[in-house]
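J.: just to be clear, the model below is a prediction. Sequence and coordinates:
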Amino acid sequence: MKLRAVLEEHVPAGRIEYLPVKLKDKKKKPVAGSYQLANVLTVVDCADMKRSRYTMDPLVKSQVHRFRLLVLDEEKIPGDVNIFRLANHLDLVLVREDLGKAILRAKATGVEFVDLESYNEGFRRPGDVGTG
C-alpha cells in the first residue's frame, strides 16, 4: 500500500485506477493479503518520432513494438502530469523524476525505474544517437 499512498498524494484523482488482484505462490496457493494493480489511465502523445529510433508493431499498426532510442517532446507533456502512458507504446509508463523520487523515498516495492537516456540501450544499433 506504500505505492498507492504515494500515488494518491501526488497524482490527481481519476488518473489511476486501482484494481484488486489475487496472488498465488509458486505452488499455486493463494497469498494472504490485499493486493492491487495500479492502472495508469493518462495517455500522452509526446514521443518525438523524428528523433526516436524504433520499430512499429506488425499487428497493432499504431503502436511501437520497441524503441531503441526514445526521445520525448517535453513541451507536449502537460505540466500537471507526472505519470502517464506513452500514446505510441501503451505498455510503457513514464514517471516524472519528482514522483519517482517520492516513490523511492517511501520504499515502495513492485516498481522499477530506468532513466530515459538508458531505456532499451541494449537494443540500440550503431548510429542510434539523440540529436538534442
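T.: Here it is on my side, so go on. Source: prediction; values computed, not measured. Numbering: from 1, shown residues only.

J.: grab the nearest non-local neighbour of the residue nearest the centre of the chain.
T.: Nearest to the mean C-alpha position of the chain, by C-alpha atoms, centre = their mean, lies residue 93 at 1.4 Å. What sits nearest to residue 93 in space, not counting adjacent residues and going by C-beta to C-beta, 6 or more residues apart in numbering, is residue 40, at 5.1 Å. To be clear about C-beta, it is placed using only N, CA and C from the backbone, and glycine gets the same treatment.

J.: which residues of this protein fall in strands?
T.: If DSSP state E is used as the criterion, the strands of the chain fall at 16-21, 35-40, 43-44, 53-56, 64-69, 83-86, 89-95.

J.: who does the last one touch, helix- and strand-wise?
T.: The contact analysis (3 or more C-beta pairs under 8 Å, 6 or more residues apart in numbering; DSSP states H and E) places strand 89-95 against strand 64-69, strand 83-86.

J.: paired strands for that strand, with orientation please.
T.: Counting by DSSP bridges, the strands paired with strand 89-95 are strand 83-86 (antiparallel).

J.: chain center to the partner strand, what's the gap?
T.: Taking C-alpha atoms, centre = their mean, to the nearest Å, one finds strand 83-86 lying 6 Å from the centre of the chain it belongs to.

J.: kindly export it (C-alpha atoms) in PDB.
T.: The C-alpha trace of strand 83-86 is given here as PDB (Å, rounded to 0.1, in the frame of the first residue of the first chain):
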ATOM      1  CA  ILE A  83       2.800   9.800 -14.600                       C
ATOM      2  CA  PHE A  84       1.400   8.600 -17.900                       C
ATOM      3  CA  ARG A  85       1.400   6.000 -20.600                       C
ATOM      4  CA  LEU A  86       3.100   6.800 -23.900                       C
END
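
J.: tally up the residues packed near the nearest residue to residue 100 once chain neighbours are set aside, please.
T.: With C-beta to C-beta, 6+ apart as the measure, residue 113 is the residue that lies nearest to residue 100, at 5.2 Å, once sequence neighbours are left out. Residue 113 is flanked by 10 other residues according to other C-beta atoms under 10 Å.

J.: okay, helices next: where are they in this structure?
T.: Ranges of helices in the chain, per DSSP state H, are 2-10, 97-105.
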